[in-house]
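Colleague: what follows is a predicted structure for the sequence shown.
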Amino acid sequence: IGILVHYSASTSLSMSPNRKMLTGSVEEALRLGADGVSLHINVGGKEEPEMLEQLGKISEECHKWQVPLLAMMYPRGENIKNPHDPQIVGHVARIGAELGADIVKTLYTGDVDSFSKIVKSIPVPVVIAGGPKAKTDADVLQMTEDAMKAGAKGVTYGRNIFAHKSPDQMVKALAGIIFRNESAKEAEKQIGKK
């Protein structure tokens with residue numbers, strides 16, 4: 001299992017929680033034994049230019065040291081009315097790829113066809129974010145199935161796994177969809193099994 005060091009930070013106590021600050025370097029990641037680096041970039045707000053500059057800087061370092069870079073590209077800020085708008089998600093994902101990311105993490109649009117167009121237009125693998133804790137397991141699994149049908153290369157979920165009553169079973173269910181091409185309904189049978 002590879003380890004990525006995440007080098008973006010902010011707090012909910014900040015006047016600008018969407019402003020992610022750079023907190024490390026690629027050389028530091030290598031000293032720590034990491035296999036890659038990730039950065040969180042919000043596009044669509046007044047903090048965007050600073051974060052894009054950080055992405056460019058870290059991307060250059062990653063290429064110099066041959067370290068993979070995951071860019072977490074989110075439509076977020078005062079100029080974003082609908083963060084799942086396919087035009088906006090596609091634009092934001094493309095920015096990540098064009099600034100040197102090896103993998104782009106972004107929001108799922110909620111629609112297989114629109115997300116498929118985005119994935120096909122990006123020259124690097126695209127993975128989806130899990131977003132807020134879903135109401136049901138079926139919602140998470142269906143989003144995963146749909147994203148995989150659209151051509152996503154995987155998922156990067158946080159609270160939909162960590163806050164689950166049985167994280168190990170949720171991971172098995174997701175693996176069924178991602179690696180064995182199971183349907184969401186088939187995968188859901190993994191949850192509740194001993």
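Modeller: Everything's here; your move.

Colleague: what's near enough to touch Pro83?
Modeller: Counting by Cβ atoms under 8 Å, 6 or more residues apart in numbering, Pro83 touches 74-76, 89, 107. Placement of C-beta: from N, CA and C, glycine included.

Colleague: so of these, which ones are in strands?
Modeller: If you go by DSSP state E, the contacts of Pro83 have 74-75 in strands.

Colleague: dump the contacts of Pro83 to JSON lines, plus neighbour count and pLDDT.
Modeller: Formatted as JSON lines, these follow (neighbours: other Cβ atoms under 10 Å; pLDDT from 0 to 100):
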{"residue": "Tyr74", "neighbour count": "25", "pLDDT": "98"}
{"residue": "Pro75", "neighbour count": "24", "pLDDT": "98"}
{"residue": "Arg76", "neighbour count": "21", "pLDDT": "97"}
{"residue": "Val89", "neighbour count": "25", "pLDDT": "99"}
{"residue": "Leu107", "neighbour count": "21", "pLDDT": "98"}
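
Colleague: ranges for the strands of the chain?
Modeller: Applying DSSP E to the chain gives strands spanning 4-6, 8-9, 21-22, 36-43, 69-75, 103-106, 126-129, 154-156.

Colleague: if anything else comes up later, I'll come back, but that's it for now.
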